[in-house]
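> Below: sequence and its predicted model.
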Amino acid sequence: MAATRSLVKEPHPVRRSGAGGRLRLGRRRALWAAGAVAVVCGLLTWCLMPPSPPPPGGKVIFGTGVRTGVYERYGTLFKQRLSRDLPDVDLRLRRSQGSVQNVERVATGKTDYTITASDALADYKASGGKYASRIRACARLYDDYMQLIVPRDSPVRSAKDLKGLRVGVGERRSGVSLVTGRLLEAAGLDMDRDVRAVRAGIDRMPRLLSEGRLDAFFWSGGLPTTAIERLADRTDIRLVQLGDLVPRLHEIEPETRYYRAAVLAPDAYPTVQRGQSVKTVAIANLLVTTDRTDPALTEGITRSVIRSRDQIGREVHAAQKVDLRTAIYTDPVPLHEGARRYYRSVKP
């Protein structure tokens, strides 16, 4: 019995493991405390952080171009896309005579964003245009191609042959008119004296040609231009090469360096070109704004422009040329800070 009692009085297991239990309990308490501290720190950080800025919103004026032109069609499709990307932005489209007027309007704050040709920008800056130094770019978009259209049986084979003829030269404040004047000068002609200049846009010139009220007209636009495709459906027309003017064109003045030799591929207007390429002149188009616009808004608009390329390009084929790799080349104006933010965010 004595042996049995000695076994019964042996120390309890709890007492043998008391130190280990206290250690485990202490660890749990430490973990709980650390977790509580982390939660408190997280709440404090959240409370002290500045609130996220609201997404861009409000009314924004976007300058396009003449009715039926590529600028107008691009603007219409971009408005649809932006309504999804920036739903709080109310994008209002405003037609114009073209690039020259677009530059003037954006510089003076009459529009917030617009599309314009690089030569029109260079000309505005060189002529001391008001607030020219404030113009900033969002992206290089696509190239415009100069197109000289005549009836198929016309004797005109070069711009030099236009002397004395009725020629559509674009509206007075359009990019078409700016380039046309320089092309005619390169051909040895004066637009005001040597041709019978008709000031009309792409919304009127095709009809005037088909009715025999024009002998030829110039157009600067992306390929293909819908108004010219429709003209070809009802009138037998031909494209006149302009490539022979490039060397002389580059000698005229510094701003003409924005024109480059280009080729209209046979599939630009298949029924018109009939398998033949046509040498011409091309000019880059830019989406521009000013340093007054909000960087967050400009970043969002730039992002939407780049991401909408394929969607818009299904209807405006020129938009397929919008490319992230070349969008940053916006000479003669620098990038807007908001656009820079976007390009930095997607830099590989």
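Good, I have the coordinates.
> State the number of residues packed around the nearest residue to residue 275 once chain neighbours are set aside.
Once flanking residues are discounted, residue 275 sits nearest to residue 266: 5.1 Å by C-beta to C-beta, 6 or more residues apart in numbering. (Each C-beta comes from the backbone N, C-alpha and C, glycine too.) Neighbourhood size, residue 266 [other C-beta atoms under 10 Å]: 14.
> cool, residue 88 as well?
Counted with other C-beta under 10 Å, residue 88 comes out at 11.
> Kindly provide the distance from it to residue 54.
Residue 88 is 8 Å from residue 54, where distance means C-beta to C-beta, to the nearest Å.
> For the chain, which segments are assigned as strands?
Assigned by DSSP state E, the strands in the chain fall at 58-63, 89-94, 113-117, 135-151, 166-168, 196-198, 216-221, 237-240, 259-264, 278-290.
> In CSV: these, plus distance to residue 177.
Formatted as CSV, the strands of the chain follow (distance: least, C-beta to C-beta, whole Å):
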stretch, distance to residue 177
strand 58-63, 17
strand 89-94, 19
strand 113-117, 11
strand 135-151, 12
strand 166-168, 10
strand 196-198, 9
strand 216-221, 8
strand 237-240, 18
strand 259-264, 15
strand 278-290, 13
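> Residue 175 is nearest to which of those?
Smallest distance to residue 175 across the strands of the chain (C-beta to C-beta): 4.4 Å, for strand 113-117.
> Need the CA coordinates for the closest one. CSV is fine.
Only the C-alpha atoms of strand 113-117 are listed here, as CSV (Å, rounded to 0.1, in the frame of the first residue of the first chain):
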residue,chain,number,x,y,z
TYR,A,113,-8.9,69.1,-77.2
THR,A,114,-8.7,68.9,-81.0
ILE,A,115,-7.1,67.1,-83.9
THR,A,116,-4.8,69.0,-86.2
ALA,A,117,-2.0,68.5,-88.7
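> In contact with residue 146: list those residues for me.
Residues in contact with residue 146, defined by C-beta atoms under 8 Å, 6 or more residues apart in numbering, are 179, 183, 218-220, 242, 280-283.
> ranking the residues you listed by neighbours, who comes first?
Within the contacts of residue 146, neighbour counts (other C-beta under 10 Å) peak at residue 220, which reaches 31 neighbours.
> For it, list each beta-bridge partner.
For residue 220, the beta-bridge partners are residue 146 (DSSP bridges).
> roughly how far apart are it and residue 295?
To residue 295, residue 220 is 32 Å away according to C-beta to C-beta.
> Could I get the full set of helices for the stretch 1-150 of the chain?
Along the stretch 1-150 of the chain, counting by DSSP state H, counting those that start in this stretch, helices occupy 2-8, 13-16, 18-48, 70-85, 99-107, 118-126.
> Then the stretch 201-348 of the chain?
Assigned by DSSP H, counting those that start in this stretch, the helices in the stretch 201-348 of the chain fall at 205-210, 226-234, 246-252, 270-273, 295-307, 309-313, 337-345.
> Take those helices and lay them out in TSV including mean neighbour count, distance to residue 101 and mean pLDDT.
Listed next are the helices of the stretch 201-348 of the chain as TSV, based on neighbours: other C-beta atoms under 10 Å; distance: least, C-beta to C-beta, whole Å; pLDDT from 0 to 100:
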stretch	mean neighbour count	distance to residue 101	mean pLDDT
helix 205-210	21	17	98
helix 226-234	17	19	95
helix 246-252	14	23	93
helix 270-273	16	29	96
helix 295-307	21	21	98
helix 309-313	16	23	94
helix 337-345	18	23	97
